[in-house]
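>>> Build me a structure from this.
(chains A and B)
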Amino acid sequence: MATFVTTRRMGPELAARVEASVRGERSHAGEARETKWRLPLVAIARFGGALSIVALVCTVVVFRRRDRRDFERERAAFIDRVHAASASLTPSDDEAVVRVESWLVRSSGAYEGDFLAEELRPKGALAAVLARPSMYVRGSMVQLTRKTGIAEVAATSLKDPFLVCLVEAPASRSETALLARVREAYSNEAEQHSTQVRRFREAQVGLPFLLPAWAENVRSADTPEKLERLRDEFEKVPIDAATQAAKAGLLLFAMDEPGEAGGPTELDGERAHFVRVGLVDLPSARVLLRMRKRVDPSWISAAKRPLFASGLDGCALAFDIREALGR
Amino acid sequence: MALTLEPRTPAEDSSARVPDLLHPTPMTRIDVDATKLAITLAFASGVSGGLFADALDRAKVAPSTWEPASFANDLFLQSFVSLCLKVCVGDQEPATLTKPLVTLLSHPPADPAVVHHRRAILAELVASPDFRKELERLYGLLVRFRSLLEGATGIGKWDANRRQLDILMLVKQIIDCAARGFVRARSGLRRLSAFGLRIHGSEPYRSLADLLKYDEKLATLDLRVRVGADGRIRGFEILAIKENEENAFVNSPVRRWLAKIELFARGFRFGDGEVMARLIDAVFEGLENELVTFVQLFGDLEFYLGALGFHDLAQAAGLAVSLPALVESSEPRVLRGLFNPLLLAHGVQPVPCDIVTDRHDTTVLVTGPNSGGKTRLLQSLGLAQLLAQSGLFIPARAGSLSLCPGLVVSLIEETKADQSEGRLGTELMRIRYLFERLPPGAMVILDELCSGTNPSEGEEIFELVVRMLTRLKPQALITTHFLAFAARLEHERKISDLRFLQVELGPDHKPTYQFVPGVAQTSLAGQAAERLGVTGDQLMSLIERNIAQSQASALAKRG
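Reported below is the predicted structural model:
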């Protein structure tokens, strides 16, 4: 059996002894007996170890490739899902939030005076316009002057008695009639009365997930963990509501000017103040309605005022606007 | 010096296999298998547990009719070997292995040819300082070989390969020294040359030489050194690399790498050291059988160098040792300038004396005063006989001795805690013991026979012993203080073959430590008593001093 330890110049006897030593039959002197058995065991252990390592590496590589394929498949599916969700959005829709913010900032500035577009003047025109898909937001005018404030306002702006009463006017301005509508607004029925209206918050929260940038974000996710995190975020987003909001043609907003000094403040924070109400046709960037009205909870009975002052004021404001426009 | 292989005779071939210096017919006396295993283990691990001592302690000796128990203790053989047979190599005095030398000396060979063989070697070593120098050099190399092999010095603990290469280098030097140093020897020393030359021409030796060259020189680099203006070296340039391709161990760089990988795959470590270890192993295996003989050779060299050390020791004290003429027992015993080596070893300058008797096979009664040197004479005669029988120098300037089949010495009579007999009983047992073991023609040395009982009864037993001894024709030497009895025996001559020696007294009646024919007139006990302070006046003064001290002590207590 040849070995690389021997050379061609070695005599046959020396070469035989070297080969015997290499085979472990004749190892370092006295270790001979022990080595005869030990060396093959060490060699087997080493080969076994090496094979185990190779097998381990191969297994890891195979699993990693499989995981990678699974991951890419999942990511592609996710991207498809994102694309499907945003497929109906136009580039114009993508900028809905920016446009709304622009209108809100603009409307929170110096009041430009009441305005009513011609198309709202006919009787019943308001109800027809309000039947179109729209976005709604209400909040403190002071906060709406800046972008961060708008986000805060949007987060707390729900479908409130003003919206419900504007979309579906109460039968009369009596406290009882208004209160009935207010209770509907505070219950789950508010959504039923205003399915065509989406909160601005829904567009604000959901639209970023429907933009090409977010799809790119998903595409660049390189680990299952990142993809999982993005998917979790996406699952929490009200995609349908956001899509509907982004595609809304109308913006309805109510801005509460600062409360008047000296008057009492009710337990729910309501006090006498002016409210700016606006209705904007977003595609044509036209103001359809601009109105400034004073609300004052003092007319509300003492029994209802602690709990419903704000709601009743909002509902009364909506009633008054509809009355002003001839319902 | 170039070595040439000359055609050898079958006898030389036998000698070349085993460099046995102690016997005319070479023999392997150590346990080859056990020693080989021990060397192999020691070479591998560097820890042997004294393989040389173990192997030589268990080594066989030539057939001998002598019983060590009959003389070794009484002649202080152990002390003699350790104090007188010292080996000196230059200014070094390596520790010798005493036990194997004691064993060798206490078993003198029965075959006179062995004695003559050893005497021839010693004679040649004394006659040729060059051979002695070579033998000392060979022994020095063997001592270093032993130290490295047994790990006594701890050299090379960090690098096993380095240590093993150092051992192999010494092996080569030992073989070279044996081969070159004794080519012109005429005695048994020539065996060393035959042994060395045989290995020299063998494949294992060539492999050994190649391996050592390989270790020393794998390749040669031609370098050009660039020196800056400030005289400092700025750079090197390799002009040429030349591998020592003629060497059987030199492999190409690629094969060297493949060898390392191969060894790793086979279960060894990865590295150049492991490749070298395999090569060392292969070379060592080829030489293993020869190395076993190194151990026996080591013991043989200590035997001869110890004898030369004894020669030097005596010479330094102004004394002389010699190889005596070996004669028949009927011829005269002559010992000129005989001295006691044990006295010399203990730093006492011995006084040499001449001992002459007309034949060996007689009973010599030695008489003389106490401390006259009788016992020392018996020791010297016993040691001289022992050394002559072993083929070594005797402690005498010249002499002639007859070889004998045994030696019984009784010089020491110690009182033992477990002895069941009194002094007379012990003495009788000593006599019984003597006759139980004494072969015809043996040498008998007895000190103060029958001194342990009353003179009249003791003399009867003495006469009985002497009468019986004559039937065995021994070389008997007996000391006694029964002076009147000895004088009567000399006068009556009723017992044949009795000879008488007495301690010579000087003009001042003090012993001269010389011995002359005849029976002493006095034991000079009075002189000895006076010398040791045992006279009436001195004893009385001691008594008076003790009484005075006792009275003074009593007065002091009362006061």
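>>> Identify each buried residue in the strand or helix carrying A:Arg292, please.
With elements taken from DSSP states H and E, the one containing A:Arg292 is strand A:286-295. Buried residues in strand A:286-295, counted by 16 or more other CB atoms under 10 Å in any protein chain shown: A:Val287, A:Leu288, A:Leu289, A:Arg290, A:Met291, A:Val295. All C-beta spots, glycine's among them, are computed from the backbone N, C-alpha and C.
>>> ditto for stretch A:177-189
In stretch A:177-189, counting by 16+ other CB under 10 Å, buried: A:Ala177, A:Leu178, A:Leu179, A:Arg181, A:Val182, A:Glu184, A:Ala185, A:Tyr186.
>>> Now do the contacts for the first one.
With contacts defined as CB atoms under 8 Å, 6 or more residues apart in numbering or on different chains, A:Ala177 is in contact with A:Pro170, A:Ala171.
>>> May I have the helix or strand hosting it exported as CSV, CA atoms only?
For A:Ala177, the host element (DSSP H and E) is helix A:175-186. Backbone C-alpha positions of helix A:175-186 (Å, rounded to 0.1, in the frame of the first residue of the first chain) are rendered in CSV as follows:
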residue,chain,number,x,y,z
GLU,A,175,-84.2,67.9,22.7
THR,A,176,-86.0,64.6,22.6
ALA,A,177,-85.7,64.2,18.8
LEU,A,178,-82.0,65.3,18.8
LEU,A,179,-81.2,63.0,21.7
ALA,A,180,-82.7,60.0,19.9
ARG,A,181,-80.3,60.7,17.0
VAL,A,182,-77.4,61.3,19.4
ARG,A,183,-78.0,58.0,21.1
GLU,A,184,-78.0,56.3,17.7
ALA,A,185,-74.7,58.0,16.9
TYR,A,186,-73.2,56.8,20.2
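>>> Give me the domain ranges for the chain.
This is for chain A. A:12-66, A:93-324 (automatic domain parsing).
>>> Chain B was what I was after
According to automatic domain parsing, the ranges for chain B are B:13-216+B:276-313, B:219-268, B:321-523.
>>> if we can go back for a sec, by contact count, what packs against the following helix or strand past the strand holding A:Arg292?
If you walk from strand A:286-295 toward the C-terminus, the next helix or strand you reach (DSSP H and E) is helix A:305-324. Applying 3 or more CB pairs under 8 Å, 6 or more residues apart in numbering or on different chains; DSSP states H and E, we find helix A:305-324 packed against helix A:161-167, helix A:175-186, strand A:273-281, strand A:286-295.
>>> and the shortest one, what's its mean pLDDT?
For helix A:161-167, the mean pLDDT works out to 93.
>>> contacts for it?
A:130, A:136, A:138, A:178, A:181-182, A:184-186, A:190, A:193-194, A:197, A:252, A:254, A:310-312, A:314-319, A:321-322.
>>> wait, isn't B:Gln502 in contact with B:Thr512?
No - B:Gln502 is not in contact with B:Thr512 according to CB atoms under 8 Å; the separation is 11.2 Å.
>>> more crowded one of the two?
B:Gln502 (22 against 16; other CB atoms under 10 Å in any protein chain shown).
>>> ok, back up a step: dump the buried residues of stretch A:177-189 into JSON lines; add distance to B:Gly425 and pLDDT as well.
Below are these laid out as JSON lines (distance: CB to CB, whole Å; pLDDT from 0 to 100):
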{"residue": "A:Ala177", "distance to B:Gly425": "152", "pLDDT": "94"}
{"residue": "A:Leu178", "distance to B:Gly425": "149", "pLDDT": "94"}
{"residue": "A:Leu179", "distance to B:Gly425": "146", "pLDDT": "94"}
{"residue": "A:Arg181", "distance to B:Gly425": "146", "pLDDT": "91"}
{"residue": "A:Val182", "distance to B:Gly425": "143", "pLDDT": "92"}
{"residue": "A:Glu184", "distance to B:Gly425": "142", "pLDDT": "90"}
{"residue": "A:Ala185", "distance to B:Gly425": "140", "pLDDT": "89"}
{"residue": "A:Tyr186", "distance to B:Gly425": "137", "pLDDT": "88"}
